[in-house]
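Visitor: here is my input; please provide its structure:
(one chain, ligands or ions: 2)
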Amino acid sequence: MGSPMALNLIKVGCDVIVWNRTKSKCDPLISLGAKYSSSPEEVAANCDVTFAMLADPESAIDVTCGKNGAVSGMGPGKGYVDVSTVDVATSKLINEHIKARGALFLEAPVSGSKKLAEDGQLIFLTAGDRSLYELVSPLLDILGKSRFYLGKVGNGAAMKLVVNMIMGSMMASFSEGILLSKKVGLDPSVLVEVVSQGAISAPMYSLKGPSMVKSQYPTAFPLKHQQKKLMLTQDLRLALGLAESVSQSTPIAAAANELYKVAKSYGLSDEDFSAVIEALKAKSQDTA
Ligand SMILES: NC(=O)C1=CN([C@@H]2O[C@H](COP(=O)(O)OP(=O)(O)OC[C@H]3O[C@@H](n4cnc5c(N)ncnc54)[C@H](OP(=O)(O)O)[C@@H]3O)[C@@H](O)[C@H]2O)C=CC1
Ligand SMILES: O=CCCC(=O)O
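Guide: Ligands and ions are numbered 1, 2, ... in the order given. Now for the predicted structure:
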């Protein structure tokens with residue numbers, strides 16, 4: 001997600017400095033004009049605004065607050081925009097560290113996957129320093145099709161988790177439908193078409209349905225991010241934790257969460273999250 005976002009900024013002529021743990025992944029960006037810094041600290045020291053796109057809460061904290069982390073390069077007049085998907089507590093922690101350096105913080109997790117990142121069609125769910133939001137809005141408009149400012153830090157993370165919770169349950173339910181249609185002698189491709197024309201149509205179903213019917217899961221949003229294991233956190237589990245914290249019942253999401261865990265145990269972490277369908281196949285002895 002970070003690469004296409006950086007690329008879109010380079011394309012419009014922004015002065016972009018990049019860092020990634022695996023440096024080779026920066027090479028295509030460097031060849032297109034990005035400069036390279038050897039640590040997150042150096043990036044933050046050399047930039048007015050630093051964007052972070054990390055896998056999960058642990059890496060987001062490490063890259064920000066760890067050794068040679070971005071915090072060390074921050075200071076008054078600078079801004080830090082974390083576009084990773086993390087939990088509320090992680091976002092608040094990063095905010096505190098950035099603020100302690102006199103800099104501004106904006107959480108801005110995104111809705112929309114790899115293709116939408118490439119096309120500059122992401123949806124930003126931002127919260128934090130309003131002045132930083134105003135400052136980076138022109139950049140967010142290059143990277144995305146819309147942006148929401150949701151107030152205090154944590155609201156962006158919470159909104160993202162709620163959206164991903166709905167998405168996880170929708171995909172699990174869609175998977176059940178595909179397999180059931182096949183078991184009762186229907187053509188699942190026709191089911192995908194029917195769904196795409198009705199009230200429950202969703203781009204996600206039209207995009208992923210045809211591949212799922214063929215047991216193919218080209219990775220857009222890796223299943224491992226729907227089931228993050230670090231610090232026992234993951235998008236669905238984090239959403240369940242959020243629900244529990246306010247005594248909101250979410251039985252559908254809880255059931256879906258179990259399926260993602262099974263799919264992950266089958267070694268499908270790096271496949272698209274639509275590979276959750278494999279968890280149901282195994283249960284019903286359907287290997288087709
Ligand atoms: N893919 C999608 O469709 C979407 C993803 N998201 C969210 O965006 C974030 C990134 O997702 P995505 O780009 O798909 O994930 P990837 O797995 O492709 O990239 C993860 C990035 O995090 C880095 N990273 C992981 N662990 C560490 C660590 N311990 N220290 C330093 N860097 C680390 C990786 O570095 P390295 O290259 O060295 O491994 C890589 O740059 C996630 O939070 C995800 O939930 C949000 C919306 C859509
Ligand atoms: O967090 C990832 C969400 C993927 C998507 O919105 O399609």
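
Visitor: point to the residue nearest the middle of the chain.
Guide: Closest to where the C-alpha atoms of the chain average out (Cα atoms, centre = their mean) is T85, at 4.9 Å.

Visitor: so which strand or helix has that residue?
Guide: Per DSSP states H and E: T85 is located in neither a helix nor a strand.

Visitor: just the element for V43, please.
Guide: In this structure, V43 sits in helix 40-46 according to DSSP H and E.

Visitor: determine the set of other helices and strands touching the next helix or strand after that helix.
Guide: Tracing the chain C-terminally past helix 40-46 and defining elements by DSSP H and E, one meets strand 49-52 next. Contact partners of strand 49-52 among helices and strands, from 3 or more Cβ pairs under 8 Å, 6 or more residues apart in numbering; DSSP states H and E: helix 2-11, helix 40-46, helix 57-65, strand 79-82, helix 130-143. No exception for glycine: its C-beta is placed from N, CA and C like everyone else's.

Visitor: could I get strand 49-52 in PDB with only the CA atoms?
Guide: Listed next in PDB are the C-alpha coordinates belonging to strand 49-52 (Å, rounded to 0.1, in the frame of the first residue of the first chain):
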ATOM      1  CA  VAL A  49       5.400  15.700   6.700                       C
ATOM      2  CA  THR A  50       6.100  12.000   7.200                       C
ATOM      3  CA  PHE A  51       3.600   9.300   6.200                       C
ATOM      4  CA  ALA A  52       3.800   5.900   7.800                       C
END
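
Visitor: quick one: average pLDDT of it?
Guide: In this model, strand 49-52 has a mean pLDDT of 98.

Visitor: contacts for it, please.
Guide: 2, 5-6, 40, 43-44, 60, 63-64, 70, 73-74, 78-84, 132, 135-136, 139 (Cβ atoms under 8 Å, 6 or more residues apart in numbering).

Visitor: go with 10 Å
Guide: With Cβ atoms under 10 Å, 6 or more residues apart in numbering as the test, strand 49-52 has contacts from 2, 5-6, 9, 14, 16-19, 40, 43-44, 59-60, 63-64, 69-70, 73-74, 78-84, 86, 94, 98, 103-104, 106, 108, 132, 135-136, 139-140, 143.
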